[in-house]
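J.: quick check, what structure comes out for this input:
(one chain, ligands or ions: 1)
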Amino acid sequence: MIETERLVLRLYTHDDADRLFDMMRRIEVAKWSGEGVPMKTIDEAHTRIDRMPSRAGDRPEAGVFAVERKDNGVVAGMAVLVPIPASKDVDREDEEIGWHLHPDSWGNGFATEAASALVARGFAAGLTELYAVTKPDNGPSQAVCRRLGMEDLGLRTDWYDQELRAFCLKGPGEPVK
Ligand SMILES: CC(C)(COP(=O)(O)OP(=O)(O)OC[C@H]1O[C@@H](n2cnc3c(N)ncnc32)[C@H](O)[C@@H]1OP(=O)(O)O)[C@@H](O)C(=O)NCCC(=O)NCCS
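T.: Alright, predicted model coming up:
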């Protein structure tokens, strides 16, 4: 469990399936990740929760976290610190931070607050840099990257076999290359 001023980040359980489904069934959330297809059934939320541990791989600091508000216990959304899949024929191993909030929780600073905690967790675990990748026109997510102090790397094809706008944050003491 990770605690911030207003949030608790904890692993998902199947009790979170309804709320996860209510976030990912919405096109305004789903369109920004993967194939951009909204969830259609609650079963997809349960399957996603089952697969979360494998997304973290063998990295102890990694995880897919439910972002719970301290004031009312509602899960505002999801924040991740996970290995990022390199594109085919690209030889690199990186970790990414990422975020999705339910629309009812946008505009409160929750994504930035949750991601800041994951940045601290990643660097405390010895990572020297963290990446975030966004669809090229995802302004709100790019704004989160900027609020975190990430460097804009422009459009890159190193990850997910797609052209994505990438951002990088170097750990304390790491030179910016
Ligand atoms: C990307 C996404 C998480 C950004 O959410 P967000 O609420 O805009 O981002 P933050 O949580 O950092 O909140 C920042 C906003 O809260 C406001 N805010 C209000 N109270 C605040 C507080 N106490 N502290 C900080 N910010 C606060 C900020 O002013 C800012 O608003 P602005 O954009 O109008 O200036 C959200 O748009 C989303 O879930 N989108 C769909 C999924 C998605 O795109 N995921 C990313 C895939 S790469």
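J.: low-confidence ranges in the protein?
T.: 173-177 (pLDDT under 70).
J.: what about the strands in it?
T.: Counting by DSSP state E, the chain has strands at residues 2-3, 7-11, 63-69, 75-84, 94-101, 129-134, 151-156, 164-170.
J.: and the angle from the fourth one to strand 164-170?
T.: Yep, that's strand 75-84 we're talking about. Strand 75-84 and strand 164-170 are oriented at 80 degrees to each other (axes from the mean of the first three to the mean of the last three Cα atoms, to 10 degrees).
J.: pull out the buried residues from strand 75-84.
T.: 75-82, 84 (16 or more other Cβ atoms under 10 Å). Placement of C-beta: from N, CA and C, glycine included.
J.: closest to Asn108 among these?
T.: Ala76 (7.6 Å; Cβ to Cβ).
J.: and the nearest residue to the closest one once chain neighbours are set aside, how many neighbours does it have?
T.: Closest residue to Ala76 apart from its sequence neighbours, by Cβ to Cβ, 6 or more residues apart in numbering: Ser105 at 3.7 Å. Neighbour count for Ser105, taken as other Cβ atoms under 10 Å: 17.
J.: how far away is Ser105 from the ligand?
T.: Here Ser105 is placed at a distance of 7 Å from the ligand (Cβ to the nearest ligand atom, to the nearest Å).
J.: so who does that residue touch?
T.: Counting by Cβ atoms under 8 Å, 6 or more residues apart in numbering, Ser105 touches 69, 74, 76-77.
J.: swap in 10 Å and give it another go.
T.: Residues near Ser105 by Cβ atoms under 10 Å, 6 or more residues apart in numbering: 23, 67, 69, 74-77, 111.
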